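>>> Sharing a model that was predicted from the sequence below.
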Amino acid sequence: MAERGDPGQGRGQRRRRDPGRGRRRDRRVYLVSHPVLFALLAASRQAPVRRLGRTVLVHAPGPYADALRRVPLDRLAEGTTAGAAQRATGTGGFLFDEDGADHRQARRDAATVFGSDGVSRLRPVWLEVLRRRFAPLADGAEVDVVDVVAELSGASTAALLAVAVPAHALTAAARAAAITAARGHLPGLRWPGGARRDRAATARAAAALAELLGVPAGDAGRASMLAVASVNTTMAAIPRAVAWCADDGLWPAADSAGTRAALVAEMLRVTAPSPVLPRVAAGAAELAGTRVRAGDRLLLVARHAARAGAPRPDPADPVPAAIGQLVFGTGPHRCPGARLAQAQLDDVLAELAPYRPVVTGARVDRRSALPGWARLTLRAAR
Ligand code: HEM
């Protein structure tokens, strides 16, 4: 759906402060792309945990953390993130579907890539993209942040995997691999035969991604899985955070490193880029008084657990980190890419802040695996 631009927000024009504007615009990414799912989640959110048949909806932070830390989970089941990730990459899983000693070893190995040294190594790659692509703002030109982030994410992921693949091609392949795989793992309306067609499309997209990455067979699962996990979350997270900062006039908080860290945390909390974690219980448990049985489907609503809905983002008074950080999950499978994602968003906001950009146009992505923008244009306001 093409949406109206923001008349009257061009270069040199002052905009009135409207602190609710960021949230109103951001809601469109949910309402347009996943209307059934988000209506269901909103309707059931009053209870910390609610059972609907064999599905258990988990909204409150305590039970959400318990589900990720204590409930035995079937990591190979259909309808889970690991299941979707496996289909998206056409291989056995990497981290997502592992448990116990194998998983701990894989996480230790991944620590080199995701630790502060790994992030410092990649940083020049994305900084070069940002400085080159945002420079036209200084001349009054419009910039599409979604396209900039597609290049940033593709280039960073290629460097992370040490493959020489053009940035936009990598991003497009990783997004294509996730689209149909994700459709099957969240509730919603499907056309007859849709699941079969989605599986076939996913297999083709997974093969295309593996071929593009060109890594040896033994490494294909790991490389494809990282590309899918990294590109799809980044493409969802950064443009939404930028739109919200522009709409709520939050740029002054991005001027200094001290306040920017809190701004980054708040923007990740309110956008909750991976809003629902679908899991399947492998054994009996109890969550806030609700009994869970083996085979139950769990919808862990990261968006509600992290309090994305309220209060509005405030870098001067952020929600406690223990709550806000739940957008990255918790426990042994907590997102290993969190530091990288935070560092990238931090640099995006730092590079944009001097221009005090405003949104001139936004179009929701109706196909992406995670709610996000297909196009988000900005123009400098000073
Ligand atoms: C804002 C961006 C991101 C968000 C919101 C996010 C969120 C998540 C969440 C919620 C999980 C599941 C955690 C759990 O089960 O407890 C996860 C897992 C994972 N993420 Fe991220 N992620 C982001 C960026 C990234 C990036 C940039 C990468 C790679 C470069 C990455 C790689 C992974 C991997 C490999 C896992 C599986 C970990 C495991 O199962 O042990 N993520 N992420």
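Arrived safely, thanks for sending. Residues are numbered from 1 along each chain as shown.
>>> Spell out which parts of the stretch 51-200 of the chain neighbour the ligand.
Within the stretch 51-200 of the chain, the positions near the ligand by Cβ under 6 Å from any ligand atom are 68, 95-96, 107. C-beta here means a position set from N, CA and C on the backbone, and glycine is covered the same way.
>>> and the top helix by length along the chain, which residues are buried?
Taking DSSP state H as the criterion, the chain has its longest helix at helix 217-247. When neighbours are counted by 16 or more other Cβ atoms under 10 Å, the buried residues of helix 217-247 are found to be 220-247.
>>> Which members of the residues of the stretch 51-200 of the chain next to the ligand are positioned in helices?
Assigned to helices by DSSP H, the following of those qualify: 68, 107.
>>> Export the residues of the stretch 51-200 of the chain next to the ligand as JSON lines, with columns for pLDDT and neighbour count.
Below are those laid out as JSON lines (pLDDT from 0 to 100; neighbours: other Cβ atoms under 10 Å):
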{"residue": "68", "pLDDT": "97", "neighbour count": "23"}
{"residue": "95", "pLDDT": "70", "neighbour count": "22"}
{"residue": "96", "pLDDT": "70", "neighbour count": "19"}
{"residue": "107", "pLDDT": "77", "neighbour count": "16"}
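>>> between the residues of the stretch 51-200 of the chain next to the ligand, which is closest to residue 329?
Closest to residue 329 out of these is residue 68 (5.7 Å), distances taken as Cβ to Cβ.
>>> For the closest residue to that closest one other than its chain neighbours, which residues are in contact?
Nearest residue to residue 68, sequence neighbours excluded (Cβ to Cβ, 6 or more residues apart in numbering): residue 331, at 4.6 Å. Residue 331 sits next to 65, 68-69 when contact means Cβ atoms under 8 Å, 6 or more residues apart in numbering.
>>> Just the helices from this structure, written as ranges.
21-33, 35-44, 61-69, 81-89, 100-114, 116-134, 145-161, 167-183, 194-213, 217-247, 257-271, 302-305, 321-324, 338-352.
>>> Arrange these in a markdown table, one row each, with distance to residue 278 as further columns.
Converted to a markdown table, these look like this (distance: least, Cβ to Cβ, whole Å):
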| stretch | distance to residue 278 |
| --- | --- |
| helix 21-33 | 16 |
| helix 35-44 | 10 |
| helix 61-69 | 11 |
| helix 81-89 | 6 |
| helix 100-114 | 19 |
| helix 116-134 | 29 |
| helix 145-161 | 23 |
| helix 167-183 | 10 |
| helix 194-213 | 15 |
| helix 217-247 | 15 |
| helix 257-271 | 19 |
| helix 302-305 | 11 |
| helix 321-324 | 21 |
| helix 338-352 | 20 |
